[in-house]
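Enquirer: fold the following, please.
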Amino acid sequence: MKITKLFYKKFLVVISIIAIVLFGLNFYAKNKIDEVLQQKITEKGFEYSGDISVNVLFGNVAINNVELSKDSLKFQSNTISVSDFSYYSFLINDKISIGEVKVSTSSIEGKLPKKTSKPISKKDTLQHKKEEIFIESIIVNNLNVSVVDAASYPIKMANINIEISDFDLSANSHKKIPFSYDNLFVEIDNFEKKTSEVQAIKFKKFEFKNNDIVIDSLQIVPLKSRKNYIYHLPYEKELLDLVAKQIKISDIKIEEEPNLSFSANHILVDNVFFDLYLNASVLEASKKFKPLYSKSLRDLPFKIDVKSLDIKDSKLIYEEQTKKNHKPGILVFDELNAQIKNINNSEYKTEKFTVVDIQSKFMTDSALKIRWSFDINNKNDDFRISGSLFHVNSKNMSSFILPAYNVKMDGYINEMFFDFEGNNSVSNGKLNIDFKNFNIKILDKQKNKKKFLSWLANLFVKDTSKQGMVKTKVEKLERDQTKSFWNYFWKNIEKGLQKSLI
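Expert: Numbers count the residues shown, from 1 in each chain. Reported below is the predicted structural model:
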């Protein structure tokens, strides 16, 4: 009995000593963590506050009511918890190893700082290489963001959830991507960002999971009316209105060896409505050089390899107002589908050409097919574009040029075939067109036919163009390098039509 009592007394003494030691260690660890956080965060120019609780026995740390701020940017979180901190890894291997970091119910508000290109010194690089941090799991729940960028444009995101497994900072600390991970899950709701004075981009949901991205209800929305938007721009530019039901990007890989690269097996853009409206009656067009697509892809600051991209069940509308108080000319492409293969700017690619196949209905009725190919790495920006258009009536022919130029066409296009080759400077090719009963009407401001001018114009219309096939060549058409590729393509068609008719 005495032995039992003595044992219990010794046991209680040992437990009390352990409890006191743990209490002391917890107290010491809490103060030490708070001191280190204050020092490190203050060195970075931030202000910090939070209530810290520590469990040394299990390697757990929780920081409640966290506030972190710098200038006008502020981060707040109900709880940041760290569990399963490895003392052995820290004391023996000089490496921070953590089981889980969890950030709950957080927000980021304020203004983002301007980007600065501070040179990285050799000393900084060596210090950065010493950092070794491994975290088995990082979880961010219910993060909301409401900030403005350096241009004072708002950015909003709701209910951001992030999960990262096997996060390792030591393996890649000297690289552009300073960490590696095994699995990543990201979910964002209701993203909104103003991109200019006249445009904003939105989507309802973004999800990155298993190396796939899904974006639901992507929108590019106008912030100004068609009547007034042009007065908020420095030069002539289209007002965009886009709605995409869904975008899927499959099997994404981002690598850094030997260079930073992005690859994806397939991109699907589903059910897009895209309206481009240009008011060309107020401002001068931009004189800035516009590269062709091959050059834009070639000059990306990273390597890209997208095996295929599909656009399905979409609609494209282009409207252009050339004179004040006139209706815009309009071009409509219904039932638009496109397949793009081999978007690859690597000099070691096996397939040389990027190939684009487009099928659509022009102005609802007329079947249009286009095949377009180019080599991204060809520094002359050589390309070839060919295709066909069938059964175009006079109403659809006049839909664009009548409001824009007061010129009306009567007649019917049975079929048209085109095949052009070119580069950044000049193009050549051929256009074959079969007209029926073709006639030109030049109208006055009230859209009444100017009989004499129309009669004079039709004197110059070739007789063969009024009935039957006409074959023409387009030679040495110079590119306006301040215009887009599609303007270049249209100029080839326009030149072919002129030679066919006049």
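
Enquirer: wait, Ile413 touches His391, no?
Expert: Yes. Here Ile413 reaches His391: they are 7.2 Å apart, a contact under CB atoms under 8 Å. (C-beta placed from N, C-alpha, C; glycine too.)

Enquirer: so the two - more neighbours on which side?
Expert: Set side by side, Ile413 and His391 show more neighbours around Ile413, with 21 against 14, by other CB atoms under 10 Å.

Enquirer: in what helix or strand does that one lie?
Expert: strand 407-422 (DSSP states H and E).

Enquirer: neighbouring strands - and their directions - for that strand?
Expert: strand 383-393 (antiparallel), strand 426-442 (antiparallel) (DSSP bridges).

Enquirer: chain center to the last one: distance?
Expert: Using CA atoms, centre = their mean, to the nearest Å, we find the averaged C-alpha position of strand 426-442 to lie 38 Å away from the chain's own average C-alpha position.

Enquirer: one more: the shortest one?
Expert: Averaging C-alpha coordinates over strand 383-393 and over its chain gives two centres that are 30 Å apart (CA atoms, centre = their mean).

Enquirer: ditto for stretch 219-233
Expert: 20 Å.

Enquirer: between the two ends of it, what distance do you get?
Expert: 21 Å (CA to CA, to the nearest Å).

Enquirer: so what touches that stretch?
Expert: By CB atoms under 8 Å, 6 or more residues apart in numbering, the list of residues contacting stretch 219-233 from outside reads 194, 197-203, 236-237, 239-244, 277, 279, 282-283.

Enquirer: cool, and stretch 71-78?
Expert: 64-69, 103-113, 147.

Enquirer: ChimeraX command for the buried members of those?
Expert: Applied in ChimeraX, the following selects the buried portion of those according to 16 or more other CB atoms under 10 Å:
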select :66,68,103,106,108,112,147
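
Enquirer: buried ones in the strand holding Ile413?
Expert: Buried, per 16+ other CB under 10 Å, within strand 407-422: 408-409, 411-413, 415-422.

Enquirer: identify the farthest-apart pair in those.
Expert: Largest separation among these by CB to CB: Lys408 and Glu421, giving 32.7 Å.

Enquirer: mind listing the helices for this structure?
Expert: 2-43, 87-92, 122-129, 293-298, 394-405, 451-459, 485-501 (DSSP state H).

Enquirer: weakest of the ones you listed in terms of mean pLDDT?
Expert: Lowest mean pLDDT within the helices of the chain: helix 122-129, at a mean of 47.

Enquirer: low-confidence stretches in the stretch 101-250 of the chain?
Expert: 115-131, 171-176 (pLDDT under 70).

Enquirer: with the stretch 351-500 of the chain instead?
Expert: 404-407, 440-467.

Enquirer: one more time with 80, if that's ok
Expert: 394, 397-398, 400-411, 437-468, 498-500 (pLDDT under 80).

Enquirer: identify the contacts common to Ile413 and His391.
Expert: What both Ile413 and His391 touch, as defined by CB under 8 Å, 6+ apart, is the set Ser366.

Enquirer: still on that earlier bit, from the contacts of stretch 219-233, list the buried ones, please.
Expert: By neighbour count, with 16+ other CB under 10 Å, those hold 194, 198-201, 203, 237, 239-244, 277, 279 as buried.

Enquirer: ok, so of those, who is nearest Ala338?
Expert: Ala244 (13.4 Å).

Enquirer: so who does that closest one touch?
Expert: 215, 217-219, 269-272.

Enquirer: likewise for Thr42?
Expert: Tyr48.

Enquirer: quick one: it from Ile108, how far?
Expert: 20 Å (CB to CB, to the nearest Å).

Enquirer: quick one, what contacts the spatially most central residue of the chain?
Expert: Nearest to the geometric centre of the chain sits Ile201, at 9.9 Å (CA atoms, centre = their mean). Ile201 is in contact with 191-193, 195, 218-221, counting by CB under 8 Å, 6+ apart.

Enquirer: 10 Å instead, please
Expert: By CB atoms under 10 Å, 6 or more residues apart in numbering, the contact set of Ile201 is 155, 191-195, 218-221, 240, 242.

Enquirer: same thing with Asp480?
Expert: 285, 290, 487-488, 491 are the contacts of Asp480 under CB under 10 Å, 6+ apart.

Enquirer: return the member of these nearest to Asp334.
Expert: Using CB to CB, the contacts of Asp480 come closest to Asp334 at Asn487, 21.9 Å.

Enquirer: what sits closest to that closest one if chain neighbours are left out?
Expert: Asp480 (6.9 Å; CB to CB, 6 or more residues apart in numbering).

Enquirer: for Lys491, see how far away that neighbour is.
Expert: For Asp480 relative to Lys491 (CB to CB), the value is 8 Å.

Enquirer: what of Asp182?
Expert: 52 Å.

Enquirer: more neighbours, these two?
Expert: Lys491 (18 against 10).

Enquirer: my read: that one touches Val426, true?
Expert: No. Taking contacts as CB atoms under 10 Å, Lys491 lies outside contact range of Val426: 11.3 Å.

Enquirer: what do the two both touch?
Expert: In contact with both Lys491 and Val426: 477-479, using CB under 10 Å, 6+ apart.

Enquirer: for burial, what's the neighbour tally of the spatially closest residue to Phe383 that is not a sequence neighbour?
Expert: Nearest residue to Phe383, sequence neighbours excluded (CB to CB, 6+ apart): Phe374, at 4.0 Å. Phe374: 24 surrounding residues under other CB under 10 Å.

Enquirer: re the thing from before, show me which of the contacts of Asp480 is closest to Asn60.
Expert: Lys290 (57.5 Å).

Enquirer: name all residues that make contact with that closest one.
Expert: 296, 479-485, 487-488.

Enquirer: can you lay out those residues as JSON lines showing distance to Ile249?
Expert: Formatted as JSON lines, the contacts of Lys290 follow (distance: CB to CB, whole Å):
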{"residue": "Ser296", "distance to Ile249": "19"}
{"residue": "Arg479", "distance to Ile249": "32"}
{"residue": "Asp480", "distance to Ile249": "34"}
{"residue": "Gln481", "distance to Ile249": "32"}
{"residue": "Thr482", "distance to Ile249": "32"}
{"residue": "Lys483", "distance to Ile249": "30"}
{"residue": "Ser484", "distance to Ile249": "25"}
{"residue": "Phe485", "distance to Ile249": "24"}
{"residue": "Asn487", "distance to Ile249": "29"}
{"residue": "Tyr488", "distance to Ile249": "29"}
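
Enquirer: which of those residues are buried?
Expert: 479, 485, 488.

Enquirer: out of those, who's nearest Asn141?
Expert: Nearest member of the buried ones among the contacts of Lys290 to Asn141, counting by CB to CB, is Phe485, at 45.3 Å.

Enquirer: is it correct that the closest one is in contact with Pro291?
Expert: Yes. Under the criterion of CB under 10 Å, Phe485 makes contact with Pro291 at 9.1 Å.

Enquirer: name the residues contacting each of the two.
Expert: Joint contacts of Phe485 and Pro291 (CB under 10 Å, 6+ apart) are 381, 424.

Enquirer: quick check: Gly59 touching Ile96?
Expert: No. Gly59 is not in contact with Ile96 according to CB under 10 Å; the separation is 11.2 Å.

Enquirer: quick check: end-to-end length of stretch 274-288?
Expert: 24 Å.

Enquirer: what's the average pLDDT for that stretch?
Expert: 93.

Enquirer: which parts of that stretch count as buried, going by neighbours?
Expert: Quick answer for stretch 274-288 (16+ other CB under 10 Å): 274-280.

Enquirer: could I get the residues you listed as TSV with distance to Lys324?
Expert: Output for the buried residues of stretch 274-288, formatted as TSV (distance: CB to CB, whole Å):
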residue	distance to Lys324
Phe274	26
Asp275	21
Leu276	19
Tyr277	15
Leu278	14
Asn279	9
Ala280	10
